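> Model the following, please.
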Amino acid sequence: MLKSCPKCGRIHDFNYECRNRHYNKGQSIADKFRNKNSWKKKRDLIKDRDKHLCRCCLADIVNASKQFNFSNLEVHHIIPLEEDVSLGLDDDNLITLCSYHHKLAENGVISRKILRELTNENADLLKIKEEYEKK
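From the prediction side, this is the model:
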């Protein structure tokens, strides 16, 4: 009789005891953080704070497809978890973005300074757009 091995992911005989561990899937600090309930609750609170809209689309930054984009939303860490996990649940470090703008923010096309300004609910979106276009 065969079984799936929890250590290596291969299929072995039921009586075989595997001592191999080929990889640690999902064991990074960021992966562990994203599996916590505290993160899931904070993520929902940030989406509520941003009214379930992409903040970059509202400011019409980098070819926004529509101004009021509420599809494919993700919460982005302005300072990544890999750099500083202690900021993982900080409201000022989190912003709601659509998947398009999230990829641009991850790649550094949208600066952290611009993202930080967009987290403010009362931000002047036209001023932020002009500041972005000057670069």
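> With residue 18 as the reference, measure out to residue 93.
To residue 18, residue 93 is 41 Å away according to CB to CB, to the nearest Å. (C-beta placed from N, C-alpha, C; glycine too.)
> is residue 3 in a bridge, and if so with what?
On the basis of DSSP bridges, residue 3 is bridged to residue 12.
> pLDDT wise, what is it at?
Among the per-residue scores, residue 3 holds a pLDDT of 81.
> burial of it, as a residue count?
13 (other CB atoms under 10 Å).
> what's the answer for residue 115, then?
The criterion is other CB under 10 Å. On that basis, residue 115 has 23 neighbouring residues.
> quick check: mean pLDDT across the longest helix anywhere in the chain?
The longest helix of the chain (DSSP state H) is helix 37-49. Averaging pLDDT along helix 37-49 gives 95.
> For the following helix or strand past it, which outside residues touch it?
Using DSSP states H and E, the helix or strand that follows helix 37-49 towards the C-terminus is helix 55-58. Residues from elsewhere that reach helix 55-58 (CB atoms under 8 Å, 6 or more residues apart in numbering): 62, 64-69, 95-98, 101, 104-105, 110, 115, 118-119, 125.
> Many thanks, we can stop here.
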